Every structure is written in structure tokens, then in C-alpha cells.
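Visitor: Below: sequence and its predicted model.
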Amino acid sequence: MNTPSHAILNLVVFSQQIRNQASHAIFIGAILPDVPIFVFFFLMKFVYRLPSHQIWSEVYYQPFWQAIISTFHSIPLALIGVIIAHFLNWQVIEMGFISMVLHSLLDLPVHNDDAHRHFFPFSNYRFISPISYWDRQHYAGIVAFVEISLVLIASISLFPTMRSYFSKGLLLAVNLFYWGAYIRFYLMAAVNSQ
């Protein structure tokens, strides 16, 4: 699932009262699992200047990077964080860890050959889903439509509760970008292939 989708969907899951108290923690928890992937890509593309194909087909699967990415996508590690924060009465941090768990649960069904080890370090099991959020060979067009539709519905619910014009503008921008990209990459491709 795309990182902005995680942020929007995670925010809508929590009640308005919790969002008022912990929106930053929810947002950070929603995007934190993907941060190592962004750091990885930046380093490989702009520091080491590797071609995209090599980055995603070879380097991404090296044990070092997989361990870091798996750590950030680990459901058990995030749940340990939830438990520790709960017992220490760190409610905002607890919401951040819960948001990390939600991120991983949303990723679980939409990754095929790039599936994360969501139970790392206790297991190396990867759930290889028959669908993918990005791979056209695994129904990405349908998955993308479902994802951006859910984001649109969540955005409609969140928009009136957003306090700043910046947040509202960001919400609108994500939705416009998603629908524009969907039309460009899926609908236009379908029309051109006929």
C-alpha cells in the first residue's frame, strides 16, 4: 500500500478525541515502517547511482536491507511497543505503535513477491498474497482502485475535522494525485492496449 494511504486510513480509524490528542503520533506510526525503504532508495539512487531495476530486483533483497525493513514492519515488535507504552502510561506513544501495527496489517494482503516478514525476528515467514498494490500481473489495477477509493472515503470523513489549511490541502493533493495517477497508469493503459 502507498505510504500516504497508510497515514490517511490510520487517522480515520481512530476516534476524533484520540486524533486530537495523538494525530502526530498516529501519522508518524503510519509512515514509519516505510521510512527505511525511502532511505534505502535515496542512498541507492542518488548516492550509489544504481539503476532502478538493480535497486528493486537485487539490492532491495540483500539480507542487511531486508532485516531493517522487516524490523520496521514487524507486528510483534510493534505490539511489544504498544504493551510497554501502555504500562508506562505513554498514551501518545502507544497510539504511534498501534498505528505501526495497522500499517503492517494493511500491507499484509497487498504484497506479492515483495512481501515483508511481518513476524520478524520471531519468524521469517512471508505471506505471499495473490494480489499486489503495484504489480499489474497481480491485479494492481483493481487493488489501486480499491485503495484510492478507501482513501477518498476516509478523506471525506477526515476533511471537516482537520484543523489547518495545510492539512486540508495535503489531503486534497493526495487524492488528486492518486486519481490522476490511476487515470494515467491504469485507465489510459487499458484504453491504449485495446
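Guide: Right, received. Where do you want to start? Residues are numbered from 1 along each chain as shown.

Visitor: sec struct for residue 157, please.
Guide: helix (DSSP: H, G, I helix; E, B strand; the rest coil).

Visitor: show me what contacts it?
Guide: Going by C-beta atoms under 8 Å, 6 or more residues apart in numbering, residue 157 touches residue 12. Using the backbone N, CA and C atoms, a C-beta is placed for each residue, glycine as well.

Visitor: now with 10 Å?
Guide: 8, 11, 12 (C-beta atoms under 10 Å, 6 or more residues apart in numbering).

Visitor: neighbours around residue 97, how many?
Guide: When neighbours are counted by other C-beta atoms under 10 Å, residue 97 registers 23.

Visitor: Do I have it right that it meets residue 76?
Guide: No - using C-beta atoms under 10 Å, residue 97 makes no contact with residue 76, being 11.5 Å away.

Visitor: which other residues reach the strand or helix carrying residue 30?
Guide: Using DSSP states H and E, the element containing residue 30 is helix 16-31. Residues outside helix 16-31 that contact it (C-beta under 10 Å, 6+ apart): 3-15, 35, 38, 78, 81, 85, 90-103, 106, 158, 161-163, 167.

Visitor: which parts of stretch 2-19 are buried?
Guide: Within stretch 2-19, the residues scored as buried using 16 or more other C-beta atoms under 10 Å are 2, 4-12, 14, 18-19.

Visitor: about what we covered before: please flag which of the contacts of helix 16-31 sit within helices.
Guide: The helices, defined by DSSP state H, take in 3-13, 35, 38, 78, 81, 85, 91-103, 106, 158, 167 from the contacts of helix 16-31.

Visitor: Relative to residue 162, how far out is the residue lying closest to residue 161 once chain neighbours are set aside?
Guide: Leaving aside its sequence neighbours, residue 161 sits nearest to residue 16 (C-beta to C-beta, 6 or more residues apart in numbering; 5.8 Å). When distance is defined by C-beta to C-beta, to the nearest Å, residue 16 is 11 Å away from residue 162.

Visitor: next one: residue 175
Guide: 13 Å.

Visitor: what touches both of the two?
Guide: residue 155.

Visitor: Dump stretch 30-43 to CSV, restricted to CA.
Guide: Provided in CSV are the C-alpha atoms of stretch 30-43 (Å, rounded to 0.1, in the frame of the first residue of the first chain):
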residue,chain,number,x,y,z
ALA,A,30,1.6,5.2,9.9
ILE,A,31,4.6,6.2,7.8
LEU,A,32,7.5,5.0,10.0
PRO,A,33,7.5,1.4,8.7
ASP,A,34,8.2,2.7,5.1
VAL,A,35,10.9,5.2,6.2
PRO,A,36,13.8,2.6,5.8
ILE,A,37,12.6,1.9,2.2
PHE,A,38,12.8,5.6,1.4
VAL,A,39,16.2,5.9,3.0
PHE,A,40,17.3,2.8,1.1
PHE,A,41,16.0,4.1,-2.3
PHE,A,42,17.6,7.6,-1.7
LEU,A,43,21.0,6.0,-0.9
